[in-house]
Each structure stands twice: as C-alpha cells, then as structure tokens.
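# pasting the sequence and the predicted coordinates here, then a few questions.
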Amino acid sequence: MNSIYQFTIPIFIKSLKALDGVLLKAQEYVAEKGLQDITLLEERLAPDMFPFVKQVQIACDNATRATARLSDREFLPAADDEKTLHELRVRIKSTLESLSTISEDLFEGAENRRVTLSSVPNKFMTGLDYAREYALPNFFFHVTTAYAILRKHGAGIGKADYVGGLPLQDMN
C-alpha cells in the first residue's frame with residue numbers, strides 16, 4: 001500500500017464529493033431565496049480573499065495538480081470559466097472523474113520525488129513533505145473557505161455536510 005496515494009487521492013475524492021453536496025444545498029438555497037447564482041459566486045470572507053467561485057476552482061486544481069506532481073504527470077489546468085453553481089458542480093464532477101482514473105502504482109516512489117513550486121524558485125520538497133506540508137493543507141484551506149462563505153451567507157449547511165460521512169462499521 002502506498003501511503004502517499006492513500007492520504008491524498010481518497011481524501012481529495014471524499015472532500016470533493018462533500019463539496020459537491022454543499023454546492024447542491026447552495027443551489028437549493030439560491031432557489032428558495034430567489035437569488036441569482038452570482039450572489040454566492042462573488043461572495044468573499046474578506047475583501048482581500050478570493051471569491052467563492054475561485055475557492056472551488058482552486059480546490060479542484062489543487063487536487064489535480066498535487067496528483068500530477070506526485071505521480072510525475074503533466075498538470076493541465078481547467079479554464080476557470082464557471083459562471084453558475086451548476087457549472088462549478090460540473091467542474092467538481094470532472095475533477096472526481098480524473099482522480100478516479102489514477103492508479104496507486106503511479107505513486108510508486110512519490111514520497112521521495114522532487115516537487116518544485118513555481119513560487120519558490122531553486123527549491124524543492126520531497127513528495128512526502130509536499131503532500132503533508134503543502135498539498136493537503138492548501139486543498140483543505142480552499143474547501144473550508146468555500147464552505148465558510150456559504151455558511152456565512154446563510155445556506156443551510158453544517159459540519160456533517162463538510163465532513164461528508166464517516167466510514168463507520170458495526171462492532172459485531
């Protein structure tokens with residue numbers, strides 16, 4: 001079992017499915033309140049933060065970019081042209097489909113792979129450090145911020161929506 005794979009791909013998939021569920025509730029909220037999608041898409045937690053639409057786009061990109069770096073594959077960014085909640089849900093579904101095609105064997109040696117970031121020239125991290133110290137925290141920052149924006153706006157979501165379920169088993 002490859003631990004880098006196990007602590008990235010399944011986590012990205014679970015969290016993106018939960019984010020999709022949150023967006024479904026956001027669609028219901030918009031319809032119930034008679035709002036336009038743009039009202040939520042442009043909402044921010046603070047003036048210097050990205051709006052909701054960008055938080056979701058970045059969360060999707062973080063998952064696919066991290067996967068590409070850790071599996072030594074090319075990252076192909078999406079267009080970032082979503083203008084509705086439905087289009088954001090399509091983006092999430094597309095990301096989920098892409099992640100579901102990644103096999104564990106592509107992560108062979110990922111923990112020692114050199115990972116570079118364009119924002120920090122002439123430096124690298126190991127794949128383990130990248131996954132643990134950058135990829136996962138950055139991914140969760142954007143997922144959490146998207147959730148918080150909707151929660152702040154009044155959408156009917158809670159922690160259970162964010163968590164997206166637990167792998168509970170019977171004690172028998």
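Ah, there it is.
# ok, which stretches of this protein are strands?
114-115, 125-126 (DSSP state E).
# strands paired with the first one, and their directions?
Think strand 114-115. Using DSSP bridges, the strands paired with strand 114-115 are strand 125-126 (antiparallel).
# distance from the chain centre to the strand it pairs with, please.
Taking CA atoms, centre = their mean, to the nearest Å, one finds the center of strand 125-126 at 21 Å from the center of the full chain.
# now do stretch 42-60
Counting by CA atoms, centre = their mean, stretch 42-60 is centred 12 Å from the centre of its parent chain.
# cool, and stretch 127-145?
10 Å.
# stretch 21-38 too?
20 Å.
# so where is the protein shaky, pLDDT-wise?
The chain contains no residues with pLDDT under 70.
# hey, which helix is longest across it?
helix 9-33 (DSSP state H).
# on contacts alone, who are the packing partners of that one?
helix 37-41, helix 52-70, helix 85-100, helix 136-153, helix 159-163 (3 or more CB pairs under 8 Å, 6 or more residues apart in numbering; DSSP states H and E). (Each C-beta comes from the backbone N, C-alpha and C, glycine too.)
# dump the C-alpha coordinates for the longest one into PDB.
Extracted as PDB, the C-alpha positions of helix 52-70 are listed here (Å, rounded to 0.1, in the frame of the first residue of the first chain):
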ATOM      1  CA  PHE A  52     -16.400  31.600  -3.700                       C
ATOM      2  CA  VAL A  53     -16.100  30.600  -7.300                       C
ATOM      3  CA  LYS A  54     -12.300  30.800  -7.200                       C
ATOM      4  CA  GLN A  55     -12.200  28.900  -3.900                       C
ATOM      5  CA  VAL A  56     -13.900  25.900  -5.600                       C
ATOM      6  CA  GLN A  57     -11.800  26.200  -8.700                       C
ATOM      7  CA  ILE A  58      -8.600  26.300  -6.700                       C
ATOM      8  CA  ALA A  59      -9.700  23.300  -4.600                       C
ATOM      9  CA  CYS A  60     -10.300  21.300  -7.800                       C
ATOM     10  CA  ASP A  61      -6.900  22.400  -9.200                       C
ATOM     11  CA  ASN A  62      -5.100  21.700  -6.000                       C
ATOM     12  CA  ALA A  63      -6.300  18.100  -6.100                       C
ATOM     13  CA  THR A  64      -5.400  17.600  -9.800                       C
ATOM     14  CA  ARG A  65      -2.100  19.500  -9.500                       C
ATOM     15  CA  ALA A  66      -1.000  17.600  -6.400                       C
ATOM     16  CA  THR A  67      -1.900  14.300  -8.100                       C
ATOM     17  CA  ALA A  68       0.100  15.300 -11.200                       C
ATOM     18  CA  ARG A  69       3.100  16.300  -9.200                       C
ATOM     19  CA  LEU A  70       3.100  13.200  -7.000                       C
END
